[in-house]
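Engineer: The following comprises the amino acid sequence and a computationally predicted model.
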Amino acid sequence: MRNSVSLLHSFTRNGVSGTSPFPSGRYTKYEARKLPEKVKIRYFLHPLYQKEVRVVDKRNYIDEQYYLIEFFDNVIVYLPLWMTDAEYCNSCKISEEPLCSLKALHELSLFFIER
């Protein structure tokens with residue numbers, strides 16, 4: 001039988017040491033209590049722009065933080081935290097000039113078709 005202590009990872013956050021069942025100690029009961037009940041999506045290109053959605057959890061993935069939100073019909077999806085930051089999202093603009101050429105976009109589409 002496995003010792004449950006071996007499943008815990010030690011971590012230090014804000015000078016406080018502890019253990020967590022998650023690598024890097026990224027979730028604690030304290031953090032779970034700090035989750036907002038709902039967040040408003042501020043990113044203007046998101047399909048739920050200006051809508052409030054229910055937050056289920058908060059996760060880290062590849063050095064970025066995400067909320068797990070209830071989308072439609074109890075479907076849970078990842079929402080990057082920056083999409084709820086009004087100041088950051090207000091600074092996002094669609095540029096007049098394209099950032100990449102049509103040739104580059106075409107090559108990218110061929111790359112995905114070949115996979």
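Structural biologist: Yep, it's here. Here the structure is a predicted model, which means the values were calculated and not measured.
Engineer: how far away is the residue nearest the centre of the chain from L102?
Structural biologist: Centroid-nearest residue in the chain, with CA atoms, centre = their mean: Y66, separated by 1.8 Å. Going from Y66 to L102 by CB to CB, to the nearest Å gives 32 Å. In short, each C-beta sits where N, CA and C put it, glycine included.
Engineer: Domains in the protein, by residue range?
Structural biologist: What automatic domain parsing lists as the domains of the chain is 1-34, 36-114.
Engineer: ranking those domains by mean pLDDT, which is last?
Structural biologist: Lowest mean pLDDT of those: domain 1-34, a mean of 46.
Engineer: what are the ranges of the helices in the protein?
Structural biologist: Under the criterion DSSP state H, the chain contains helices at 29-33, 86-91, 102-114.
Engineer: now these in JSON lines, with distance to K58 and mean neighbour count?
Structural biologist: Below are the helices of the chain laid out as JSON lines (distance: least, CB to CB, whole Å; neighbours: other CB atoms under 10 Å):
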{"stretch": "helix 29-33", "distance to K58": "7", "mean neighbour count": "10"}
{"stretch": "helix 86-91", "distance to K58": "17", "mean neighbour count": "11"}
{"stretch": "helix 102-114", "distance to K58": "31", "mean neighbour count": "9"}
